[in-house]
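In: What shape does this take:
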Amino acid sequence: MVGATVLIAATTLLAKALGTAALGTALPPLQVTFGRYLFAALAIFAAAAVLRPPMTTRQARWHLARILCGWGGVTLMFASVALIPLAEATAITFLNPIFAMILAIPLLGEQVGRVRWTAAVIALAGAIVLLRPGTGVLEWGALLALGAAVLLGTEVLIIKRLTRHESLLATLVWANGLGLVIAASTALPGWQPPTMAQWAGLAALGLTMAAAQGLFVNAMARADASFITPFGYLTLVFAGLYDAALFDVWLDGLGWVGAALILMGAGLLAWREGQRSKAAKPLAQRPPPPEG
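Out: Have a look, this model is predicted:
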């Protein structure tokens, strides 16, 4: 999981380099998203050719809904990191489990207790701090990252539904295949020829994302989510280090306050989910009551 956080933070760093003038004339966010899907799809298709997962599906509309949310979330995230510090944008995207929890109420009929609502309020307060209301300057980058968190939180719910019926590799193939089609159709009309350095950056972005997904999936398969999830917050640390080292960009006081509140809320939610999971295991292991 630590390795996954290193790579996930690196993808935002590459997106920032491509969306600014670091590697040449800044590429549009839609084009950066296209590069992410193109090279990630090549890596995942190669893995699928070797492992040959069953690809038939009865969940086509859910795959499409998932990839629309994922594509939109990734595009907004890539747009945001060109405008605000990486650590700040990364912190805001940690709201996605909060939005997933909130959306699960109408979409999945889940019940949400006081602890989880408290976590949501704390994290959303952090997002409000990062938006800088009342300072006279609206942080558009933070607003874009907030939109990304909403879409990625919706994607989490859809993935939860899909994985009940299909293998993880199959869902990745569908997601990256459909995502590549959507990304290409939106990026090509305003195509700006990348430099060789930018092509290298796009390739690194896609391959790094694919590797991060692989490490993340393996981490979740090898240990309880309640143990693994807190390590995911190291993404914020690595994003901040990358931004400081390469772009000399540091979080200000409000940025630290907002990021801390979001991590507190997300951490409380992860802890509560772990407690619920532990409580459910003994019930699942009990023998069924006798008939009659």
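In: Let's test this: mean pLDDT of the host helix or strand of Thr208, rounded?
Out: According to DSSP states H and E, Thr208 maps onto helix 196-222. Mean per-residue pLDDT for helix 196-222: 87.
In: by contact count, what packs against the helix or strand that Ala279 is a member of?
Out: Taking DSSP H and E as the definition, Ala279 sits inside helix 253-285. The helices and strands touching helix 253-285, judged by 3 or more Cβ pairs under 8 Å, 6 or more residues apart in numbering; DSSP states H and E, are helix 86-93, helix 96-108, helix 114-131, helix 225-228. In this view, the C-beta of every residue, glycine as well, is placed from N, C-alpha and C.
In: Any buried residues in the helix holding Thr208, and which?
Out: 198, 201-202, 204-216, 219 (16 or more other Cβ atoms under 10 Å).
In: could the helices and strands packed on helix 253-285 be laid out in TSV, adding mean pLDDT?
Out: Formatted as TSV, these follow (pLDDT from 0 to 100):
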stretch	mean pLDDT
helix 86-93	86
helix 96-108	80
helix 114-131	85
helix 225-228	66
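In: Indicate which one of these is closest to Thr75.
Out: helix 86-93 (12.9 Å; Cβ to Cβ).
In: send the alpha carbons of that closest one over as CSV?
Out: This file holds the C-alpha atoms of helix 86-93, laid out as CSV (Å, rounded to 0.1, in the frame of the first residue of the first chain):
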residue,chain,number,x,y,z
LEU,A,86,-0.5,18.8,-5.1
ALA,A,87,-1.0,18.1,-1.4
GLU,A,88,-4.1,20.3,-1.3
ALA,A,89,-5.7,18.7,-4.3
THR,A,90,-4.8,15.2,-2.9
ALA,A,91,-6.4,16.1,0.4
ILE,A,92,-9.6,17.1,-1.2
THR,A,93,-9.9,13.9,-3.2
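In: Distance from the chain centre to it, please.
Out: With Cα atoms, centre = their mean, to the nearest Å as the basis, helix 86-93 stands 11 Å off its chain's centre.
In: Contacts for that helix, please.
Out: If you take Cβ atoms under 8 Å, 6 or more residues apart in numbering as the criterion, helix 86-93 is touched by 9, 12-13, 16, 77, 80-81, 126-127, 130, 141-142, 145-146, 148-149, 152, 235-236, 239-240, 242-243, 249, 251, 255, 258-259, 262-263.
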